[in-house]
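Student: Generate coordinates for the sequence data below:
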Amino acid sequence: MLHAIHRLSVQSKLTMMLLLVSVGSIFVISFLGYDSGMRAVKAGVEDQLTSLRTSKAYQIRSQIEGFRNQVYVFSDDYMIVSAMREFRDACDDLAARPAPPEYEASLVDFYGKEFIPRLTGYVEGKPALENYIPKLPWSRYLQHHYIAANPNKVGEKWKLDKAGDGSRYSEVHAKYHPVLREFVQKFGYYDLFLFDVRTQHVVYTVFKEPDFATDFATGPYSSSNLGRLFTSLIKEKDNKTTRIEDFEPYRPSLAAPAAFVGAPIFDGAEMIGILAFQFPIDEFNKLMTSDYKWEADGLGETGEVYLVGDDHLMRSMSRFQKQAPENFYAALKAVGTPPSKIERLRRTNTAILELADETESVTRALHGQSGTDLLVDYRGVDVISSYAPLEIDGLSWVLVAKKDLSEAFAPIASFGRKVLASSVVIVLVITCLAALLARLFVRPIFQLIEGARRIASGEKGVYVKVSSKDELHDLAESFNVMSLSLKVKSEEIERRVQENEELLLNILPTSIATRRKAGVQTVSDSHADVTVMFAEISGFAEATGSMSADQAAELLNDMISAFDEAAERHGVEKVKTVGEDYLAACGLSVPRLDHASRVVDFAEDVVRIVRRLNQDRGHPLSVQVGINSGPVVGGIVGRTKFIFDMWGDTVNVARSLYTVGGDNSIHVTQAVHDRLKDAYRFEPVGTVEIKGKGPIPIWRTAA
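Tutor: Residues are numbered from 1 along each chain as shown. Modelled structure (predicted):
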């Protein structure tokens, strides 16, 4: 190394020292600035995420506390107490009347054709119909009138105020339903339930899903989270009690995530019922996403705040599933999420209770830890994550606020790029100044180097002018002679390459020739739908028997040239000629919808060409043509001496047709006839025996 440095000129050594000092100084300053900026940006993002997490935690607690207060106040309201009494009495009246058989039939029809088929797509296995039909007559009565026979479509059954059956229940329902429906809509709840603690049945709901009028003691929904809420409240003796049940898939809502809050209804000292609200999942999502305005919350393009339960399943939506679902599913696939789980996420279009977040941040929070750290999120992406447990009576959740590391550190990355760009400019300026004088002495060498580079880049006829009269001038003259010689030889090579390319395009289709030029030795293409024509010239041997070889060749050349010109006019490609046989096709290099009609028109021109030759020269020539449409394979045959050929059943059938006979005749197959029968006149000929296919029908063109 030292020996090499000693061999450098003074100017080179000075240039090197200036560069080392400047680059070293720039590196130290840049490193200190980058490190300081990184720390400041990281602290700012951590503070922002922690603040957002704390704010969202307060909002969630306030919202759930609001749910508790509403259900508590509403359960003690005189209207609810009165409604509960009247709905109970109305159901007692219905219990005394029988349910006609047609009511059960209508429920079987509703569950069998509407509810269960839709539910099957969201649950494991196939639900059994008999498990969902209510057992008690009055339950079937209510479900018939308010669900099965309800004229409103599924999802809008709540629009019915009165069934019109003349029952006391319908009168009570018409009295209270508009008020309760307005309450649910105004406060954003999904549904409202009234339970009779004596019968343990739901005697009223706003939304009228299949849980309406069912038994929550032993019925199909008794083990649901709403069933557990009912069971826990029915044991209470305190009218100030409220209960919350965490999100679970709720089958009456087609297994959609549902959480419930409830309170007992007391009439004096007697518990007569239970009031329950189904949480508004959309309201939770709006709260967590600031009404889907993540950027307005300062979360940029990748930040989000979400809830996770103690089962590691998400309790609020994923931003990425809503904004960029395909990228979201691709990221989950990359981290090893089973395809079945991804497919279910697609089908349900929600991550709530579907996506498990088993990341370090959630694990720490479930163990009671709070903090902010650089971690990996559920997509396998590096993030800054702020996490904390969210303990609410009846719920054990985790709150996570995070942002992708790439976006969080984007400002410092931009700063780094600017510093790097500035450093490069400074180094370039210093290098230019240090090298300026040296370039004055070695300019001729630079000119020669530049000339060599221009030649290497493909430029021809490069000339270097050196004004000095020393050895560098002699070197430049030798360089110019070499450059001129390279130009002459390069032009000769290009001319020959052009000739070879033109020859190749004359004997091969364009797509085949392109790949052949690229060095592919074995080239073939499958064509799904082309039209093939075989033509055989009869009488050529007799016509040329008395001619010289040159005359016979001239006659054949004139005829084939005329064929070729006609083929070009009609957009037909000649494949090859073998003696008096002519093979052509349409649809090979350029796919055409009218390839069949083009070939038939070309064949008619071929017949006219032969007839004209006979008239002009007095030769007894005739032509027989066979045409077929279908799939073919075309490609290069041979390595050193090659030709383009075409093969397949379509070609074989066309070859067999031209042997049928008839001077100046054009025979076509069923495939060609069916395509062109409305545009051309054809006459049936009969059948021709094709090896491996048996007899096939053929037609000929009619004059």
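Student: give me the number of residues near Pro100?
Tutor: For Pro100, the neighbour count with other C-beta atoms under 10 Å is 13. C-beta coordinates here come from the backbone N, C-alpha and C atoms, glycine included.
Student: quick one: pLDDT of it?
Tutor: pLDDT recorded at Pro100 is 86.
Student: do the same with Thr15
Tutor: For Thr15, the pLDDT comes out at 63.
Student: What of Glu491?
Tutor: pLDDT, Glu491: 67.
Student: Likewise for Val523?
Tutor: 61.
Student: Please parse the protein into its domains.
Tutor: Per automatic domain parsing, the structural domains of the chain span 76-279, 510-701.
Student: export those to CSV and tack on distance to His367?
Tutor: Listed next are the domains of the chain as CSV, based on distance: least, C-beta to C-beta, whole Å:
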stretch, distance to His367
domain 76-279, 19
domain 510-701, 62
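Student: And those domains: which comes nearest Leu307?
Tutor: Leu307 lies closest, by C-beta to C-beta, to one member of the domains of the chain: domain 76-279, at 9.2 Å.
Student: Partner strands of the strand or helix carrying Glu689, with direction?
Tutor: Secondary-structure assignment from DSSP states H and E places Glu689 in strand 682-690. Counting by DSSP bridges, the strands paired with strand 682-690 are strand 694-701 (antiparallel).
Student: Please tell me how far Asp663 sits from Leu136.
Tutor: 93 Å (C-beta to C-beta, to the nearest Å).
Student: Tell me which helix or strand in the protein has the weakest average pLDDT.
Tutor: helix 510-517 (a mean of 59; mean pLDDT, DSSP states H and E).
Student: In contact with Leu613, which residues?
Tutor: For Leu613, the contacting residues are 555, 558-559, 562, 619, 621, by C-beta atoms under 8 Å, 6 or more residues apart in numbering.
Student: Looks to me like it is in a strand.
Tutor: No. If the criterion is DSSP: H, G, I helix; E, B strand; the rest coil, then Leu613 is helix and not within a strand.
Student: got any ranges where the stretch 251-400 of the chain has weak pLDDT?
Tutor: The stretch 251-400 of the chain contains no residues with pLDDT under 70.
Student: so which of the contacts of Leu613 comes closest to Pro220?
Tutor: Checking those one by one against Pro220 (C-beta to C-beta), the nearest turns out to be Ala562, at 85.1 Å.
Student: isn't that closest one right up against Ile609?
Tutor: Yes. Using C-beta atoms under 8 Å, Ala562 makes contact with Ile609 at a distance of 4.6 Å.
Student: Quick check: Ile449 is in a helix.
Tutor: Yes. Assessed by three-state DSSP, Ile449 belongs to a helix.
Student: how close does it sit to Ala255?
Tutor: 75 Å.
Student: of these two, who's got more company?
Tutor: Ala255 (19 against 12).
Student: For that one, list the residues it contacts.
Tutor: Contacts of Ala255 by C-beta under 8 Å, 6+ apart are 119, 122-123, 249.
Student: repeat for Arg168
Tutor: 89-90, 93-94.
Student: Glu542: helix or strand, and which one exactly?
Tutor: helix 540-543.
Student: Would you mind writing the CA trace of the helix or strand just after that helix as PDB?
Tutor: Using DSSP H and E, the helix or strand that follows helix 540-543 towards the C-terminus is helix 549-570. Below are the C-alpha coordinates for helix 549-570, written out as PDB (Å, rounded to 0.1, in the frame of the first residue of the first chain):
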ATOM      1  CA  ALA A 549     -35.000 -27.100 -66.900                       C
ATOM      2  CA  ASP A 550     -34.700 -23.300 -66.900                       C
ATOM      3  CA  GLN A 551     -38.100 -22.900 -68.600                       C
ATOM      4  CA  ALA A 552     -39.800 -25.300 -66.200                       C
ATOM      5  CA  ALA A 553     -38.300 -23.400 -63.300                       C
ATOM      6  CA  GLU A 554     -39.300 -20.100 -64.700                       C
ATOM      7  CA  LEU A 555     -43.000 -21.300 -65.100                       C
ATOM      8  CA  LEU A 556     -43.100 -22.700 -61.600                       C
ATOM      9  CA  ASN A 557     -41.500 -19.500 -60.200                       C
ATOM     10  CA  ASP A 558     -44.000 -17.300 -62.000                       C
ATOM     11  CA  MET A 559     -46.900 -19.300 -60.700                       C
ATOM     12  CA  ILE A 560     -45.600 -19.400 -57.100                       C
ATOM     13  CA  SER A 561     -44.700 -15.700 -57.200                       C
ATOM     14  CA  ALA A 562     -48.300 -14.900 -58.300                       C
ATOM     15  CA  PHE A 563     -49.500 -17.100 -55.400                       C
ATOM     16  CA  ASP A 564     -47.300 -15.200 -53.000                       C
ATOM     17  CA  GLU A 565     -48.500 -11.800 -54.100                       C
ATOM     18  CA  ALA A 566     -52.100 -12.900 -53.700                       C
ATOM     19  CA  ALA A 567     -51.300 -14.300 -50.300                       C
ATOM     20  CA  GLU A 568     -49.800 -11.000 -49.200                       C
ATOM     21  CA  ARG A 569     -52.900  -9.100 -50.500                       C
ATOM     22  CA  HIS A 570     -55.200 -11.300 -48.400                       C
END
